[in-house]
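S.K.: One predicted model, sequence on top.
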Amino acid sequence: MIQKSLIILKPDAVRRKLVGKIMNRFEENDLEIKALQMVHISKKLAENHYAEHKGKDFYDTLIRFITSGPSIALILEGENAIGCIRALVGATNPNEAKPGSIRGDYKEQPIKSVTENMVHASDSPESAKREITLFFGKKYL
């Protein structure tokens, strides 16, 4: 099944100049870039994007981090894209990310925070539709 997913290369990936290396991983796995933009995520957009985490202990830290500098938002498309991308990205907690995954290979040492994990990837087709709409509007659905 062909799927789309929103990916955000977070401020730490941009700051560390890992954008090209990370995007190359996606392209090497037959994922096609359908849209791409550099964006400094506003607090309002961050709060909408991470609304399901509101009230959790890491929420404020996450919002501060994602709004701290430029990010790259992109839409990837491919066969079973969501599962493929999540496997490529690796575990949310960089300490648990396996070698060969993006988070496993590029994690900073020492780990500053679980929220500083370089990449956001949609976790379901429903989330992908909502997130793509937030960042790119409905024209890419």
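M.R.: Cool, got the structure.

S.K.: which stretch of helix or strand covers the spatially closest residue to residue 48 that is not a sequence neighbour?
M.R.: The spatial neighbour of residue 48 that comes closest, neighbours along the chain excluded (C-beta to C-beta, 6 or more residues apart in numbering), is residue 134 at 5.8 Å. All C-beta spots, glycine's among them, are computed from the backbone N, C-alpha and C. Counting by DSSP states H and E, the element that carries residue 134 is helix 125-136.

S.K.: For that helix, which helices and strands make contact with it?
M.R.: The contact analysis (3 or more C-beta pairs under 8 Å, 6 or more residues apart in numbering; DSSP states H and E) places helix 125-136 against strand 2-9, strand 32-39, helix 43-49, strand 71-79.

S.K.: chain center to it: distance?
M.R.: Put simply, helix 125-136 sits 12 Å off its chain's centre (C-alpha atoms, centre = their mean, to the nearest Å).

S.K.: hang on, the earlier thing: isn't the residue nearest to residue 48 right up against residue 51?
M.R.: No. Using C-beta atoms under 8 Å, residue 134 is not in contact with residue 51, being 9.9 Å away.

S.K.: Neighbour count for these two, which is higher?
M.R.: residue 134 (16 against 11; other C-beta atoms under 10 Å).

S.K.: Next, the contact list for that one, please.
M.R.: Counting by C-beta atoms under 8 Å, 6 or more residues apart in numbering, residue 134 makes contact with 6, 45, 48-49.

S.K.: swap in residue 108?
M.R.: 12, 16, 94, 116.

S.K.: One more pass at 10 Å, please.
M.R.: Residue 108 makes contacts with 12, 16, 94, 116-118, as judged by C-beta atoms under 10 Å, 6 or more residues apart in numbering.

S.K.: do residue 47 as well
M.R.: 41, 53-54, 59, 63, 66-67 are the contacts of residue 47 under C-beta under 10 Å, 6+ apart.
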